[in-house]
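S.K.: sequence first, predicted model second:
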Protein chains: 2
Amino acid sequence: MSEPAASPPPSRQRNRTRSRPTIAAPAYIRRKIPTYAFLEPDGLDRLHTQAEQILAEIGVEFRGDDAALDLWRKAGAKVEGQRVRFEPGMVTEIIQKTTPKTFIQHGRDPQHSVEIGGDSVVFSPAYGSPFVYDVEQGRRYGSLADFKNFVKMAWMSPWLHHSGGTVCEPVDVPVNKRHLDMVYAHIKHSAKPFMGSVTAPERAEDSIEMCRILFGADFVDKNCVILGNINTNSPLIFDGVMSQGLRAYARANQAAVVVPFILGGAMGPVTTAGAIAQAHAEAMVGVALTQLERPGAPVIYGNFLSSMSLRSGAPTFGMPEPAMAYLAIGQLARRLGVPLRCGGSLTASKLADSQAAQESADSLWPALLGGANFILHAAGWLEGGLVMGYEKFVLDCDHLGMMHKLMGGLTFDDNTLAMDAFREVEPGKHFLGCAHTMANYTTAFYDSDLADNDSFEQWRDAGSNAAETRAVKRWKALLASHTDPALDPAIDEALCDFMDRKKASMADAWY
Amino acid sequence: MSEPAASPPPSRQRNRTRSRPTIAAPAYIRRKIPTYAFLEPDGLDRLHTQAEQILAEIGVEFRGDDAALDLWRKAGAKVEGQRVRFEPGMVTEIIQKTTPKTFIQHGRDPQHSVEIGGDSVVFSPAYGSPFVYDVEQGRRYGSLADFKNFVKMAWMSPWLHHSGGTVCEPVDVPVNKRHLDMVYAHIKHSAKPFMGSVTAPERAEDSIEMCRILFGADFVDKNCVILGNINTNSPLIFDGVMSQGLRAYARANQAAVVVPFILGGAMGPVTTAGAIAQAHAEAMVGVALTQLERPGAPVIYGNFLSSMSLRSGAPTFGMPEPAMAYLAIGQLARRLGVPLRCGGSLTASKLADSQAAQESADSLWPALLGGANFILHAAGWLEGGLVMGYEKFVLDCDHLGMMHKLMGGLTFDDNTLAMDAFREVEPGKHFLGCAHTMANYTTAFYDSDLADNDSFEQWRDAGSNAAETRAVKRWKALLASHTDPALDPAIDEALCDFMDRKKASMADAWY
């Protein structure tokens, strides 16, 4: 279902990071099932043409980033003030000329390096929530302790391939220093690949610098070791912090994830077709800018579309309109030939209840069928992204395990077709003890660690627990079993020195 | 998204059944999105060939139904004792010669007639559970009062197209008389199409006879007005009660739903490919038998595959292996050209919790993508089918509403692509009040009646309720708003007379 990364890992990593969770797990998924041809080619043509028309007629503004405007001017775009307009075909051509269709993001343990693009699927935890929730302590601001907990659980889960980025905001750390603690926690407590800061250009640079300490500067210049998630300021704006961050990642040969964040009816049209066209336009421009900054830099075409409650105007998640958008955008990204981020286990629910699971599944299915390569927010997301949930996290991970099996598809051979079993078992008899069953039993079915399949009486006698309650035990067990993967003490010290110097160089800022 | 049924309704129905729930609802879904090409043609060939080989080499037993053996003998099958073997190609040929690709099942209100087959999708409640559950009263045996409640809720829900059959077992009514009360309840409290009894051949006949009273004998002989769900006795057995019931429905020109019920590793091979081949073989034989009984009779190719807990051997639901089976079987049924039943909102959970919603979504998605035309167990199913849940029922209905939107697909025109909106709204501005948003707002997004999209504070102040708790209010409101659709008093009396005579003709039996 997965294969080791194609590129060799840096030799300096080999000896110090060979440690893994005890659970055997694939580094990432190599999908064996096809993507879903949701739209006919003429529908895709209309969406792409509409995106090109938006870019030509309305254009995109780059605010506070003269270097970006210069790059566009040199590339032949029409720049008026901060507004940039693009002849139809121009952006597509820039993208297709140099953007890698697929790339490796290296983990510090090479066994955890992931491929992003093509037929790979990488699951990453939820990102960016200021709050955390668990059944016992309730909803509260996230702390650095919570942040470390989620990094540790992602490391221990067999079904997450990535450590994520801002798995929750460590609100107890000053805003201008948080990124250092976050990057360090990803390196220290996990050996899976991770994401860096984007909240200010210098924080993006610090994140990359810490990777240079870890991997070596030369290796970082030649290989992707960190991702930066860059939201557009929809509609049709890149603010300077974001476009500078995007360029910082590209300049260092690291992958920006360019994400139009569109709440239909607010930051984009209320009709889904129009919102898709806008998202496509914005993502293409961001991807193209990375290629102007550094041709051949890895980059991910991202997407985040949400719908709206007709009653309150509040954002809604897991609804059918974004599901269709994910399916369409998957096709658009594949036509471009770029790695795709979309979907996740999204929900507006406050708890890991029925609503949360339904909306999460309805977000995850179209992302997987649509061919998403990098699925951020795959575990933990609650309350429209405001909350990272401990129970939701482990329930989502179990669901991701199921999706590993689904992405592996069916195999057809003499054993799976089982003609011998039919010969052995007569009509009306059962297959329970037959040779074929015994030979295949242990690998036949996904083994969920949270679903309750007991009889009613067993379940009642065990306390009549809902899944959310069972999940408490699971996340506590994950945390209890965590051990840090080995890290070269010299590198650890260098990282700490870097952090200390940076922290000492500026006063705490809380905004 | 749906269209009225093609055939005209019987004129005698017109004047007495024109009543509907106040919620505007489609009679059924006409899917606008493609099915998913999960397997390549050679995978499908291998499965079909394997099914043909099982039928030729192992064969199927018909136990206690000499008339069925006679039909097979005349059709050229090799009959030895009760075992029937079929030359490769023979069963397929019988099916393809006369089986309708699509048919109308008439509701007594013609506005609720449904098409089954082709690109239609019909949602029907869960079927067959001995127990019911609601949050306040807990788990208990089902009663006739519960049965009526679920019929009433299905009538009131805008997202169920069908009244179902044994929506729960009315355990307080004698086993040999239950079918009369069940069919009468479907007729009395709903005007949507429904299913009849199959638990004994004479009960199947009674169910059809009540339809003759309702629709007129001549209309029933020419049109489908009732379905009968016929499970095979897997592996590779049709017991006499089932095959006689199947033939009774076909003889009356009513539609049998032929359902191999296979728990992989018990009633079929533990490997999914083998279980699919077996299910395909069994379903084909059942479908073909209806065509031998009455060429051209409507029939549905059914499927129910389940996986197993590796820890306990208990059946599991919503797992990835049956999901893949649904997708493959959808392709096999389409190649045959027969209407397909599969999927549902299945779960092993005891409650409408996270597990229930996740497993249900993971069952429903592949059924819909696989092209299922008739989705039994679409609402209410809990605990592997042992329990019909009140809260689960309304939560599932809300999910089915979302799926209506998904099946409707995206439309591309000047309005949905929204170029004018982009012209109106500058980069960085918002679309909230723009003309395009105002014109499209009320139909842009699915309006869930159970998802909570409020702020945390609003949700907390409203009681911090999980979805299951909110669902209590919803099902009570559905029941409170129910009124029986009008029924001609003369027909009502005739139905009651028939029931009274039948009940008086036999002693109560409880087995």
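M.R.: Looks like it came in fine. Residues are numbered from 1 along each chain as shown, chains lettered A, B, ... in the order given.
S.K.: residues in contact with the residue in the stretch 351-500 of chain A that chain B sits nearest to?
M.R.: The nearest approach of the stretch 351-500 of chain A to chain B comes at residue A:418, 3.0 Å away (C-beta to the nearest C-beta). From N, CA and C alone the C-beta is placed, and that goes for glycine too. By C-beta atoms under 8 Å, 6 or more residues apart in numbering or on different chains, the residues touching residue A:418 are A:436, B:269, B:271, B:273, B:274, B:277.
S.K.: what pLDDT is listed against the residue lying farthest from the centre of chain A?
M.R.: In chain A, the greatest distance from the average C-alpha position (C-alpha atoms, centre = their mean) is reached by residue A:426, at 48.9 Å. At residue A:426, the pLDDT value in this model is 90.
S.K.: just to revisit the earlier point, nearest residue to the residue of the stretch 351-500 of chain A closest to chain B other than its sequence neighbours?
M.R.: Nearest residue to residue A:418 in three dimensions, chain neighbours excluded: residue B:274, at 3.0 Å (C-beta to C-beta, 6 or more residues apart in numbering or on different chains).
S.K.: ditto for residue A:282
M.R.: residue A:260 (3.9 Å).
S.K.: what's the local residue count around that neighbour?
M.R.: 29 (other C-beta atoms under 10 Å in any protein chain shown).
S.K.: what does residue A:64 give?
M.R.: The local packing of residue A:64 (other C-beta under 10 Å) involves 14 other residues.
S.K.: same check, this time on residue A:405
M.R.: Residues near residue A:405, counting by other C-beta under 10 Å: 19.
S.K.: kindly report the same for residue A:40.
M.R.: Other residues close to residue A:40 by other C-beta under 10 Å number 11.
S.K.: go on, residue A:494?
M.R.: Residue A:494: 14 neighbours (other C-beta under 10 Å).
S.K.: residue A:218 too?
M.R.: 10.
S.K.: now it, what's its secondary structure?
M.R.: Under DSSP: H, G, I helix; E, B strand; the rest coil, residue A:218 falls in the helix class.
S.K.: now do the same contact list for it.
M.R.: So residue A:218 contacts nothing (C-beta under 8 Å, 6+ apart).
S.K.: how near is it to chain B?
M.R.: For residue A:218, the distance to chain B equals 40 Å [C-beta to the nearest C-beta, to the nearest Å].
S.K.: how near is that residue to residue A:225?
M.R.: 12 Å (C-beta to C-beta, to the nearest Å).
S.K.: please apply the same query to residue A:474.
M.R.: Distance from residue A:474 to residue A:225, by C-beta to C-beta: 31 Å.
S.K.: and the two? which has more neighbours close in?
M.R.: residue A:225 (27 against 21).
S.K.: where does the stretch 1-150 of chain A have low pLDDT?
M.R.: A:1-24 (pLDDT under 70).
S.K.: which residues in it form helices?
M.R.: If you assign secondary structure with DSSP state H, counting those that start in this stretch, the helices in the stretch 1-150 of chain A sit at A:11-14, A:41-53, A:66-75, A:90-98, A:144-156.
S.K.: same for the helix or strand where residue A:438 lies, what does it pack against?
M.R.: Following DSSP states H and E, one finds residue A:438 within helix A:435-444. Judged by 3 or more C-beta pairs under 8 Å, 6 or more residues apart in numbering or on different chains; DSSP states H and E, helix A:435-444 is in contact with helix A:414-417, helix A:419-424.
S.K.: who does the longest one touch, helix- and strand-wise?
M.R.: When contacts are defined as 3+ C-beta pairs under 8 Å, 6+ apart, helix A:419-424 packs onto helix A:435-444, helix B:41-57, helix B:272-293.
S.K.: what does the next helix or strand after the shortest one contact?
M.R.: In other words, helix A:435-444. Per DSSP H and E, the first helix or strand lying C-terminal to helix A:435-444 is helix A:456-461. Residues outside helix A:456-461 that contact it (C-beta under 8 Å, 6+ apart): A:452, A:465, B:139, B:350, B:383, B:386, B:387.
S.K.: which phi and psi does the most centrally placed residue in chain A have?
M.R.: Among the residues of chain A, the one closest to the centroid is residue A:376, at 2.1 Å (C-alpha atoms, centre = their mean). Backbone geometry at residue A:376, expressed as degrees, to the nearest 10, gives phi -80, psi 160.
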